[in-house]
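Enquirer: here is my input; please provide its structure:
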Amino acid sequence: MEQGFDDGAGEVVNLSTFRSNMRFPIINEVEAYWEGLRDGRPLPRRSELDPRGLERALDRVFVLERVAQGVVRFRLAGQFLHGLMGMDVRGIPLSAMFVADARDALSHRIFELFDGPHVVRLTLIAAPGLARPGMDGEMVLLPLCDEDGSVNRALGCLATEGTAGRAPRRFRLASARTRALNGVAGRPDDRPSPAPVFAPGLAEAATPFGMAERDPEKETRPRRRPALRLVKSGE
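Expert: A predicted model of the protein is given here:
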């Protein structure tokens with residue numbers, strides 16, 4: 001049976017949750033920033049993200065794009081995630097960071113993230129191996145909406161303990177906690193979107209949060225050849 005304590009407000013807090021929150025405070029900071037953007041609304045908009053509010057966590061934060069039910073891919077990512085995977089993670093699915101037998105459970109949590117929507121916290125463990133010390137951590141996933149109210153992006157943060165070792169590192173899902181967001185069916189309010197801000201410390205350092213992100217599908221499309229042109233030689 002899980003133990004807990006009274007937080008002084010009459011609510012019993014699970015001890016394992018409390019320890020996790022104290023162990024990875026950067027996760028709490030990112031969630032608090034997201035809550036500040038909500039400001040009593042159903043969800044914050046993707047265009048409202050300002051890297052100045054995430055300065056302490058920039059190398060560990062990321063933005064996900066929903067591409068199918070239960071499937072998301074990275075649109076932006078901090079340098080820590082690139083180092084952990086040994087590659088540029090933009091455009092690859094989040095599931096690539098997880099071992100195969102954890103991906104069904106991850107997909108279920110992704111479904112909850114967008115279709116609830118819910119705040120999702122994942123407790124992660126990476127088993128030790130050759131040149132790969134044991135590693136564990138926590139990931140938070142926070143839903144975002146676009147200008148028409150569609151919930152199709154998420155702000156995330158990954159915090160870890162232990163040496164990364166040789167890349168790539170893949171995690172198994174030790175546990176998951178979700179928090180339902182009530183009354184999110186409504187559209188965002190009519191506040192104007194803020195001007196885009198440059199994001200130093202992110203992989204796309206020259207790209208503002210509010211501007212176009214990398215689209216790997218467009219990058220892989222073959223370039224259209226120019227039409228043939230008749231050229232007459234001189235007499």
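Enquirer: please, which helix or strand holds the residue lying closest to Leu81 once chain neighbours are set aside?
Expert: Leaving aside its sequence neighbours, Leu81 sits nearest to Val89 (C-beta to C-beta, 6 or more residues apart in numbering; 5.3 Å). (Glycine included, C-beta is placed from N, CA and C.) Take DSSP states H and E as the rule and Val89 turns out to sit in neither a helix nor a strand.
Enquirer: residues in contact with Val89?
Expert: With contact set as C-beta atoms under 8 Å, 6 or more residues apart in numbering, Val89 has these partners: 62, 74, 77, 81-82, 96-97.
Enquirer: what's the answer for Ile92, then?
Expert: If you count contacts by C-beta under 8 Å, 6+ apart, then Ile92 has 73-74, 85 around it.
Enquirer: show me the contacts of Val89 that map onto helices.
Expert: Applying DSSP state H to these, the entries found in helices are 81-82.
Enquirer: wait, which of the contacts of Val89 is closest to Arg179?
Expert: Closest to Arg179 out of the contacts of Val89 is Phe62 (19.6 Å), distances taken as C-beta to C-beta.
Enquirer: circling back to that earlier point, who wins on neighbours among the contacts of Ile92?
Expert: Phe74 (26 neighbours; other C-beta atoms under 10 Å).
Enquirer: so where do the strands sit in the chain?
Expert: Along the chain, counting by DSSP state E, strands occupy 4-6, 12-14, 61-68, 71-77, 118-126, 135-145, 151-161, 172-180.
Enquirer: that older thread, from the contacts of Ile92, pick the one nearest Leu58.
Expert: Phe74 (14.8 Å).
Enquirer: what stretches of the chain score poorly on pLDDT?
Expert: 1-22, 183-235 (pLDDT under 70).
Enquirer: can you pull up the bridge partners for the residue lying closest to Thr178 once chain neighbours are set aside?
Expert: Spatial nearest neighbour of Thr178, chain neighbours left out: His118 (4.3 Å); criterion: C-beta to C-beta, 6+ apart. Here His118 sits in beta bridges with Ala180, as judged by DSSP bridges.
Enquirer: how about the residue nearest to Leu81, phi and psi?
Expert: Backbone torsions of Val89, given as degrees, to the nearest 10, read phi -90, psi -10.
Enquirer: from Gly134, how far off is the closest residue to Met85 other than its chain neighbours?
Expert: Nearest in space to Met85, with sequence neighbours left out and distances taken as C-beta to C-beta, 6+ apart, is Pro168 at 4.5 Å. Using C-beta to C-beta, to the nearest Å, Pro168 is found at 16 Å from Gly134.
Enquirer: do Asp59 as well
Expert: 22 Å.
Enquirer: compare those two (neighbour count), which wins?
Expert: Neighbours were counted for Asp59 and for Gly134 using other C-beta under 10 Å; Asp59 has more, 17 against 13.
Enquirer: from what I can see that one touches Gly78, true?
Expert: Yes - with contacts defined as C-beta atoms under 8 Å, Asp59 counts as touching Gly78 at a distance of 4.0 Å.
Enquirer: returning to what we had before: out of the contacts of Ile92, which is nearest to Ile110?
Expert: Taking the contacts of Ile92 together and measuring to Ile110 by C-beta to C-beta, the closest member is Arg73, at 10.9 Å.
Enquirer: separation between the closest residue to the closest one other than its chain neighbours and Val71?
Expert: Spatially, and ignoring its direct neighbours in sequence, Arg73 is nearest to Pro93 (5.0 Å; C-beta to C-beta, 6+ apart). Noted for Pro93: a distance of 6 Å to Val71, by C-beta to C-beta.
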